[in-house]
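Novice: Any chance you can model this:
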Amino acid sequence: MLVLRRKIGQVIQINDDIRIIIQDVQNEHIVRIGIEAPSDIPVHRMEIYNLIQAENKSAGGAAALKWLQGANKDDSPSDEDKYD
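Specialist: Below is the predicted model:
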């Protein structure tokens with residue numbers, strides 16, 4: 001882990017396309033930052049990222065898989081139906 005000290009207005013550059021800008025520091029404990037990144041790179045707070053991961057995990061669970069398998073069986077004609 002890289003740990004840096006930055007002052008208001010200073011920038012941290014990640015690769016060519018991600019910038020983190022220090023916006024404000026309040027009470028020496030609260031830091032406001034701005035993040036500039038391409039729109040195809042998702043940027044989330046960790047608690048939101050964890051919620052998204054939990055949702056994705058539950059959506060890909062066994063119940064969803066059973067539903068998909070059942071939907072595929074009902075939607076696709078059997079070999080006998082194709083030639084009638």
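Novice: CA atoms only for the helix or strand containing residue 51 - export them in CSV, please.
Specialist: Following DSSP states H and E, the helix or strand that holds residue 51 is helix 46-59. Extracted in CSV, the C-alpha atoms of helix 46-59 (Å, rounded to 0.1, in the frame of the first residue of the first chain):
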residue,chain,number,x,y,z
MET,A,46,-16.4,0.5,-0.4
GLU,A,47,-19.8,0.0,1.3
ILE,A,48,-21.6,0.5,-2.0
TYR,A,49,-19.1,-1.8,-3.8
ASN,A,50,-19.8,-4.5,-1.1
LEU,A,51,-23.5,-4.2,-1.6
ILE,A,52,-23.1,-4.5,-5.4
GLN,A,53,-21.0,-7.6,-4.9
ALA,A,54,-23.5,-9.2,-2.6
GLU,A,55,-26.4,-8.4,-5.0
ASN,A,56,-24.4,-10.0,-7.9
LYS,A,57,-23.6,-13.0,-5.8
SER,A,58,-27.2,-13.6,-4.8
ALA,A,59,-28.4,-13.1,-8.4
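Novice: contacting residues around that helix?
Specialist: Applying CB atoms under 8 Å, 6 or more residues apart in numbering, the set of residues contacting helix 46-59 from outside is residue 44. (Glycine included, C-beta is placed from N, CA and C.)
Novice: how far out from the middle of the chain is that helix?
Specialist: Relative to its chain's centre, helix 46-59 lies at 8 Å (CA atoms, centre = their mean, to the nearest Å).
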